[in-house]
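Enquirer: The following block contains a protein sequence and its predicted model.
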Amino acid sequence: MAEDLESRRLAGLREYVIDQALARASQDYPDLVPQPIVASICAYEEEGAIGAVLEQMPATIDGQPYTTLVVVDGGSDKTADIARSFPGVVVIEFPTNLGHGVALWVTYRWCIERQVRYVVTLDADGQNDPAEIPSLLAPLLRDEADFVVASRRLGVDETSDRFRKLGVRFFSFIMNRMTGANLTDTSTGYRALRVTMLADVIDRLRQEQYQTAELLITCLKRGWRATEVPTVWHPRQAGTTKKGRNWLFGWRYTRVVLGTWWRER
């Protein structure tokens, strides 16, 4: 009983924080109608990198306009202020930190409710190259896939953490065996997604932090098509990773993979 009460309390607080963030965004952008394509960046205390990322965003995607959305997951630095200083960038700012998975969930729900067609998610730390967005979207626009992953193994990984690189291979092997897919990089947050697919799976998402695996496994198990394109993966531009030590991240990520597979089997 006490555990159920605590769960309800935390769920209510999370809902309140999200409502506050969306209410402010509605006031800041009262007449906003987003483009059919949205590029979303979820950021937590990335004031040292977010400006450079936004400066590199392309003017158009293959000649098509798009909307840049930054979801700031709380924090005490100037990430939100820097993002708001860029004309045309839409900012949703949580009053407190809720977790990367929650920020992504809000991104998906925001796009679904506004009838966006495609959303690209990329990191705020400078590891992803925004110039690659058109190639990431291309399989969706050609109706060859619903979920496109940017693969470090097909491209170039400029980072030096050998444990993380081994983890990419390990989790790809496990998730391919679980789902019947044939992907080389299943743990990247640089992705292009069909919003009708997100509408199908969003109510099944539970992870507040490690949602990358949960989303991919859920979509594959429900019959959506996934493919991948090469990417260049850069070292982060500033700050430190929020994922924790390698062993802890690996353990938590493994739990998400196994738990999601068991739920969706």
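Expert: Sure, I can see it.
Enquirer: where do the helices sit along the stretch 1-150 of the chain?
Expert: Using DSSP state H, counting those that start in this stretch, the helices assigned to the stretch 1-150 of the chain run over residues 2-28, 50-55, 79-84, 100-113, 133-141.
Enquirer: buried set for the third one?
Expert: If I follow you right, that is helix 79-84. Applying a neighbour-count criterion of 16 or more other CB atoms under 10 Å, one finds 79, 80, 82, 83, 84 buried in helix 79-84. No exception for glycine: its C-beta is placed from N, CA and C like everyone else's.
Enquirer: same question, the last one
Expert: Buried residues in helix 133-141, defined by neighbour count with 16+ other CB under 10 Å: 133, 134, 136, 137, 138, 139, 140.
Enquirer: one step back: using TSV, please lay out the helices of the stretch 1-150 of the chain together with distance to residue 219 and mean pLDDT.
Expert: Listed next are the helices of the stretch 1-150 of the chain as TSV, based on distance: least, CB to CB, whole Å; pLDDT from 0 to 100:
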stretch	distance to residue 219	mean pLDDT
helix 2-28	23	91
helix 50-55	26	97
helix 79-84	28	98
helix 100-113	12	97
helix 133-141	13	97
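Enquirer: Which among those helices is found nearest to residue 224?
Expert: Closest approach to residue 224 among those (CB to CB): helix 133-141, 11.4 Å.
Enquirer: ok, back up a step: would you format the helices of the stretch 1-150 of the chain as JSON lines with distance to residue 188 included?
Expert: What follows is those, written out as JSON lines (distance: least, CB to CB, whole Å):
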{"stretch": "helix 2-28", "distance to residue 188": "25"}
{"stretch": "helix 50-55", "distance to residue 188": "16"}
{"stretch": "helix 79-84", "distance to residue 188": "22"}
{"stretch": "helix 100-113", "distance to residue 188": "13"}
{"stretch": "helix 133-141", "distance to residue 188": "11"}
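Enquirer: Out of those helices, which is closest to residue 65?
Expert: Nearest of those (CB to CB): helix 133-141, 12.8 Å.
Enquirer: I'd like to know which elements the closest one is packed against.
Expert: Packing partners of helix 133-141 (3 or more CB pairs under 8 Å, 6 or more residues apart in numbering; DSSP states H and E): strand 118-123, strand 147-157, strand 191-194, strand 226-233.
Enquirer: how about the CA coordinates for the longest one, as PDB?
Expert: So the one you mean is strand 147-157. Written as PDB, here are the backbone C-alpha positions of strand 147-157 (Å, rounded to 0.1, in the frame of the first residue of the first chain):
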ATOM      1  CA  PHE A 147      12.600   4.000 -37.500                       C
ATOM      2  CA  VAL A 148      16.100   5.100 -38.700                       C
ATOM      3  CA  VAL A 149      19.100   4.600 -36.500                       C
ATOM      4  CA  ALA A 150      22.400   6.500 -37.000                       C
ATOM      5  CA  SER A 151      25.100   3.800 -36.700                       C
ATOM      6  CA  ARG A 152      28.500   4.400 -35.300                       C
ATOM      7  CA  ARG A 153      29.700   1.000 -36.500                       C
ATOM      8  CA  LEU A 154      28.700   1.700 -40.100                       C
ATOM      9  CA  GLY A 155      30.400   5.100 -39.900                       C
ATOM     10  CA  VAL A 156      33.200   6.500 -37.800                       C
ATOM     11  CA  ASP A 157      33.400   6.500 -34.000                       C
END
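Enquirer: what comes up buried for the host helix or strand of residue 201?
Expert: In the assignment (DSSP states H and E), residue 201 maps to helix 195-201. Across helix 195-201, burial judged by 16+ other CB under 10 Å covers 195, 197, 198, 200, 201.
Enquirer: Just after it, pick out the following helix or strand.
Expert: Toward the C-terminus from helix 195-201 - assigned by DSSP H and E - lies helix 211-221.
Enquirer: buried stuff in that next one?
Expert: Going by 16+ other CB under 10 Å, helix 211-221 has these buried residues: 211, 212, 213, 214, 215, 216, 217, 218, 219, 220, 221.
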